[in-house]
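Student: pasting the structure only:
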């Protein structure tokens, strides 16, 4: 039986982005340089892609009652829209319909305006 | 905030396909694991590496392999397969290479592959990043 996965919110600030840059070593100016980012197609800084997925990871681990994903888990993420400082990203995880199957999940991370910033397919091994 | 040596400007034409780089050793310190276990940067003690550890390891390996994060690159897709648990405190060995590069709808993409192993040799995870590259074929910066 597939466990229930709670919606999880993440509030993203420039501080979040700066911390992630420090942890990952990714100082891409689109994330940390306001002048460069303002002149880009995004018009301002955007979060690193994995920051947008953090609420999904937290929902999965909360639903599974673990701090890590079980062996055999696969996660495929497509980034749909940028996440900007000030955004609140909420992950929604549900059983997948296409293709449906044991442990197959679909997920969206949406911002406070209802825009999908991330869509994802997740497979969790049976029995988790 | 843009420390010297953290960015690279490799042209699309110069991105080598299939050339394996690494392994690069990165430690899953208690502090790193804790800061990636909940809200980013809000420490939460854990004994096993949270899933967010892997994208961080991918980025660290990418930076080391390319002499910096490609400036102006944008992440389009990311995939992760979990093979073995990673205890906090473990050293991970990450090998990375460019799997392919292509142009679709006038946008240049580079697919970067990652193989993450524990220090006992067991494969902990694999993954890939599909990146929109800042330059296209024939372009100079």
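Tutor: Perfect, I can see it now. Keep in mind it's a predicted model, so treat the numbers as computed, not measured.
Student: how much space is there between the nearest residue in space to residue A:124 that is not next to it in sequence and residue A:8?
Tutor: Taking CB to CB, 6 or more residues apart in numbering or on different chains as the measure, residue A:124 lies nearest to residue A:103, with 4.4 Å between them; neighbours along the chain are not counted. In this view, the C-beta of every residue, glycine as well, is placed from N, C-alpha and C. Using CB to CB, to the nearest Å, one obtains 19 Å as the distance from residue A:103 to residue A:8.
Student: ditto for residue A:110
Tutor: For residue A:110, the distance to residue A:8 equals 12 Å [CB to CB].
Student: one more: residue B:30?
Tutor: Using CB to CB, residue B:30 is found at 23 Å from residue A:8.
Student: one more: residue A:117?
Tutor: According to CB to CB, residue A:117 stands 14 Å off from residue A:8.
Student: ok, residue B:15 touching residue B:111?
Tutor: No. With contact defined as CB atoms under 8 Å, residue B:15 does not reach residue B:111; the gap is 10.2 Å.
Student: anything in contact with each of these two?
Tutor: Overlap between the neighbourhoods of residue B:15 and residue B:111 consists of B:98, B:101, taking contacts as CB atoms under 8 Å, 6 or more residues apart in numbering or on different chains.
Student: low-confidence ranges in chain B?
Tutor: When the per-residue scores of chain B are filtered using pLDDT under 70, the ranges that remain are B:1-5, B:141.
Student: how about chain A?
Tutor: Of all residues in chain A, those with pLDDT under 70 make up the ranges A:1-2, A:128.
Student: all strands for it, in order.
Tutor: Counting by DSSP state E, chain A forms strands over residues A:8-11, A:74-79, A:88-95, A:104-110, A:116-123, given from the N-terminal end onward.
Student: now for the second one, which elements pack on it?
Tutor: Read that as strand A:74-79. Contacting strand A:74-79 under the criterion 3 or more CB pairs under 8 Å, 6 or more residues apart in numbering or on different chains; DSSP states H and E are the following elements: helix A:49-64, strand A:116-123, strand B:74-82.
Student: mind doing that once more with 6 Å?
Tutor: strand A:116-123, strand B:74-82 (3 or more CB pairs under 6 Å, 6 or more residues apart in numbering or on different chains; DSSP states H and E).
Student: quick one, which of those strands gets closest to residue B:133.
Tutor: In terms of CB to CB, the element of the helices and strands packed on strand A:74-79 nearest to residue B:133 is strand B:74-82, at 8.9 Å.
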